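Visitor: below are the sequence and a predicted model for it; my questions follow.
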Amino acid sequence: MDFFSEHIEQTQRERPLAPQQLSELIAALDADRKTAPTEVASFTIAGQSSRIIRAALKCLRRKEFVIPGGADRVRGRVTAYFEKTYERDQSPLRLVRLPVDRLKLRFDVRIDVQELKPRMARVTIEATVALASWQREFERDLRTEADRPDLLTDHNVVLPPGQPLRRAWSGSLLDYSGCATFDEIDDLARTQADEALPGANRVLPLGLYAWSPRQATAADDDIVPDPPPLLYLSKFQNGGLMSYNGTLVVAPQNSGKTELIIRWTLAANAAGYSVFVVDVKGEMYPRLLKEGLQGQRLFFTTDPNPAVESQTLNLLDGLDCITAEGRRRTAQLVEAMLPLSEAEDQDSREYWQVRAMWLTAMINLMLLRDLFAERNDADLAELYRLATDEDALLELIRIVKIGFDDLGAEAPTPPLRFWVTQLKEVIDPDYGGSRDPRYSYSLLMIGVTTLLSPFSEAGVLRDRTSGRTDFRLEDINRTTPVTLVLAAREQDGEDARTVLSMVIKRLEHIFYDRRKPGSPTPVLLLLDETRRIRGFEAAEYITFARDAKAGVVLVYQSLTQIRDPDRRAEILENVGTQIYLRSITGETAKALIGMLPVRGRPTFSATETDADDGGSQTLQTGQEQIPYFSTAELYRLPAGRYPALVYIKDHRDGKPFLVDMDGDRVKAATRERRASSPKPTPPDDPAVMKGARY
């Protein structure tokens, strides 16, 4: 029995129609009349709209409907029709008396599927006429087909952490199944017991675990708390702090980098850390004060605006000219000051080495004079004066000679002639030097004076780097926590880079000394725009900082800012935690993919055959080796407005995981904890808050 015969006769049995009504029904189905479809049924059904549309296609094809063009997946619609020509003596025409010998009947139907919420949709049926028996049959078949185990998964699949690919798929596949489930990183979430524990455990917030309890995971016992918990850098199984192994933050513009730095500064400050922050915009310090920065607070800025208050930082204060180690550190400080990156050929490199030797000798002569006179007058302004005025240099040498003569055999080594020899090439032969008569003192020193001009009498940084210092960088080793914000603004150009590079080098020396105390105050360094630090060896810095109980956070906009591929690989191998904010693209994505192992994933090949009884399905399976992530999966991370991918080496199974770093959500999760945490005790002396002078 065909479609029309079956359902028109079934209609007559269920609700007998008068001859006139039956004639009108048959006439409405006349193909030549083209009766417009109207809504005849509407119902809800469980399942995603893409799956329901596929099920509707199967049900209609099984009943031999014609479906021109297939399904319209954009609008969620299937349009089809059934058409057949009947003779007068054939059912259903024989049921009525129509003045025709032959008639073509056509039944048009349109199925619209509207997704109401995840895994629930509304199905609306429009048809030429209302055939109750067909409507019931279609709804029943559609529900059965939608519930049938399908070889095809939902269209455009996103696999959550830990959930393997179980069947074939269509459209796109974003596979995050290799990411850690909550069970695999639950040691990074704070518990009630943690709230009562003082110290540095679980201090630095990473973000909220990105997969909500409503998103399925592979294991039934992997239960994510609701709301998802805030995760922190914690401790390894051996008790060592993860933060001491170094952190790499890769953050393109407008990805929430500044918010992360401020969040970690406040968290470390509240936990009793000493904190050093590099601020490249000059905007962080007021925000930190507003948001509750506690304890001793020190601020230095390269902003030349005199209206901006800044403490004085004499970068030469505290240098040692007596010991070999001290003199080596002075030489390293000079190397950080000079832009070696501009020395592109061998001649330029040799000239750079000569200038570094001259500056090192001048600084040591100033330090020797201060040692003999028992004062601390050496600063960068005087260094500029020595580099621009040969008479000032000769006068300094005479003063230092008096000190050596007075001490005689008790004078420090090396003797004065060692330092004078370092400077002979710039001193006039009439005064014991060997300067080439073709060159003047000022010409030989032009590169040095250009570099030091910001610290000259007319320089924009003189008042902030000369005279007695308001604080020493060694304060970071004190038992009382201190927070130092260095606003080395990008718009201040090379002036800011010079100060920044010198400060970082001085801190390196201080960290070497930190390895001697038994339990120094933990330190966190947040180095925004790390690429701006001259001669910075990031991998080595992380290594010795780890021994000094100091966490170093390196911040880059992209891994391409680390231009040397070997240095880039060395950093990725040495750093303990990697955080990638927002969208991971280009060379950064390639480097991350290359660092992670390949993994296995099943493959599926599905074939289906439709039939009246529901058809048959066959499935072939296999296995393929794939990168841990594809570039598409890294491009748009599914973790809220401010997503981040976190990878902690040596943590359990070493799986990366996704977090949401939305500032409002993180603040809400930390507000109660911050209120209950013990605050560092501020100094009793108000002068210390402003910066006591030494």
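Guide: Structure received.

Visitor: flag every buried residue along the helix or strand harbouring Phe404.
Guide: Using DSSP states H and E, Phe404 falls within helix 390-407. Within helix 390-407, the residues scored as buried using 16 or more other C-beta atoms under 10 Å are 390, 393-394, 396-397, 400, 403-404. Yep, even glycine has a C-beta here, placed from its N, CA and C like the rest.

Visitor: packing partners of that helix?
Guide: helix 346-373, helix 380-388, helix 416-422 (3 or more C-beta pairs under 8 Å, 6 or more residues apart in numbering; DSSP states H and E).

Visitor: could you pull out the strands for the stretch 101-250 of the chain?
Guide: Ranges of strands in the stretch 101-250 of the chain, per DSSP state E, counting those that start in this stretch, are 102-117, 120-127, 152-159, 168-175, 205-209, 230-232, 247-250.

Visitor: pick out the shakiest of those strands, pLDDT-wise.
Guide: In terms of average pLDDT, strand 152-159 trails the rest of these, at a mean of 75.

Visitor: show me the shaky parts of the stretch 1-150 of the chain.
Guide: Within the stretch 1-150 of the chain, the set of residues satisfying pLDDT under 70 comprises 1, 149-150.

Visitor: repeat that with 80
Guide: 1-2, 91-100, 118, 148-150 (pLDDT under 80).

Visitor: can you give me the helices in it?
Guide: 3-14, 19-28, 49-62, 132-147 (DSSP state H, counting those that start in this stretch).

Visitor: residues in contact with the first one?
Guide: Okay, so that is helix 3-14. For helix 3-14, the external contacting residues (C-beta atoms under 8 Å, 6 or more residues apart in numbering) are 1, 17, 22, 25-26, 29, 63-64, 82, 84, 86, 90-92, 95, 105, 107, 131-134.

Visitor: got a ChimeraX select line for the buried ones in these?
Guide: A single ChimeraX command is used to select the members of the contacts of helix 3-14 judged buried by 16+ other C-beta under 10 Å:
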select :22,25,26,29,63,82,84,86,92,95,105,107,131,134
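
Visitor: just to revisit the earlier point, closest one of the buried residues of helix 390-407 to Lys590?
Guide: Proximity to Lys590 was ranked across these by C-beta to C-beta; first place goes to Leu393, at 52.2 Å.

Visitor: do I have it right that that closest one meets Ile427?
Guide: Yes: under the criterion of C-beta atoms under 8 Å, Leu393 makes contact with Ile427 at 7.4 Å.

Visitor: pLDDT score for the residue nearest the centre of the chain?
Guide: With distances taken as C-alpha atoms, centre = their mean, Leu581 lies nearest the centre of the chain, 2.0 Å away. Listed pLDDT for Leu581 reads 95.

Visitor: can you check Val523 too?
Guide: 91.

Visitor: for Ala611, same thing?
Guide: On the pLDDT scale, Ala611 is placed at 46.

Visitor: before we move on, back to that, and the helices and strands packed on helix 390-407, which is most packed in?
Guide: helix 380-388 (a mean of 22; mean count of other C-beta atoms under 10 Å).

Visitor: and what about the residue nearest to Leu559 when sequence neighbours are not counted, helix, strand or coil?
Guide: Taking C-beta to C-beta, 6 or more residues apart in numbering, and ignoring the residues beside it in sequence, Leu559 has Thr588 as its nearest neighbour in space, at 4.4 Å. For Thr588, the assignment made with DSSP: H, G, I helix; E, B strand; the rest coil gives helix.

Visitor: contact partners for Thr588?
Guide: Counting by C-beta under 8 Å, 6+ apart, Thr588 makes contact with 250, 558-560, 580.

Visitor: quick revisit: winner for burial among the helices of the stretch 1-150 of the chain?
Guide: Scoring those by mean count of other C-beta under 10 Å, the most buried comes out as helix 49-62, with a mean of 22.

Visitor: now the angle between strand 120-127 and that one, please.
Guide: Counting by axes from the mean of the first three to the mean of the last three C-alpha atoms, to 10 degrees, helix 49-62 lies at 30 degrees to strand 120-127.

Visitor: for helix 49-62, packing partners?
Guide: By 3+ C-beta pairs under 8 Å, 6+ apart, helix 49-62 packs against strand 71-72, strand 77-87, strand 102-117, strand 120-127, helix 132-147, strand 152-159.

Visitor: rebuild the ones you listed as CSV, extending it with distance to Leu637.
Guide: Listed next are the helices and strands packed on helix 49-62 as CSV, based on distance: least, C-beta to C-beta, whole Å:
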stretch, distance to Leu637
strand 71-72, 31
strand 77-87, 32
strand 102-117, 24
strand 120-127, 27
helix 132-147, 31
strand 152-159, 11
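
Visitor: so which of the ones you listed gets nearest Ser50?
Guide: Closest to Ser50 of these is strand 152-159 (C-beta to C-beta; 3.8 Å).

Visitor: neighbouring contacts of stretch 402-409?
Guide: By C-beta under 8 Å, 6+ apart, the list of residues contacting stretch 402-409 from outside reads 368-369, 371-373, 411, 415-416.

Visitor: please redo it, this time with the cut-off set to 7 Å
Guide: Stretch 402-409 is contacted from outside by 368-369, 372, 411, 415-416, using C-beta atoms under 7 Å, 6 or more residues apart in numbering.

Visitor: same deal with stretch 56-69?
Guide: The contact list for stretch 56-69, computed with C-beta under 7 Å, 6+ apart, reads 3, 71, 78, 80-83, 111, 138, 141-142, 145, 610, 612.

Visitor: could you export the helices and strands packed on helix 390-407 as CSV, including distance to Leu484 and mean pLDDT?
Guide: Formatted as CSV, the helices and strands packed on helix 390-407 follow (distance: least, C-beta to C-beta, whole Å; pLDDT from 0 to 100):
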stretch, distance to Leu484, mean pLDDT
helix 346-373, 23, 90
helix 380-388, 19, 95
helix 416-422, 32, 95
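
Visitor: could I get the ones you listed as a markdown table with distance to Val40?
Guide: As requested, those are exported to a markdown table (distance: least, C-beta to C-beta, whole Å):
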| stretch | distance to Val40 |
| --- | --- |
| helix 346-373 | 85 |
| helix 380-388 | 88 |
| helix 416-422 | 99 |
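
Visitor: for Pro454, find the nearest of these.
Guide: When those are compared (using C-beta to C-beta), the closest one is helix 380-388, at 8.4 Å.

Visitor: so which elements touch the closest one?
Guide: The helices and strands touching helix 380-388, judged by 3 or more C-beta pairs under 7 Å, 6 or more residues apart in numbering; DSSP states H and E, are helix 346-373, helix 390-407, helix 446-452.

Visitor: could these go into a markdown table alongside distance to Lys235?
Guide: Shown next, in a markdown table, are those (distance: least, C-beta to C-beta, whole Å):
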| stretch | distance to Lys235 |
| --- | --- |
| helix 346-373 | 42 |
| helix 390-407 | 52 |
| helix 446-452 | 44 |
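
Visitor: ok, which of those helices comes nearest Leu174?
Guide: Of all those, helix 346-373 sits nearest to Leu174, with 49.0 Å by C-beta to C-beta.
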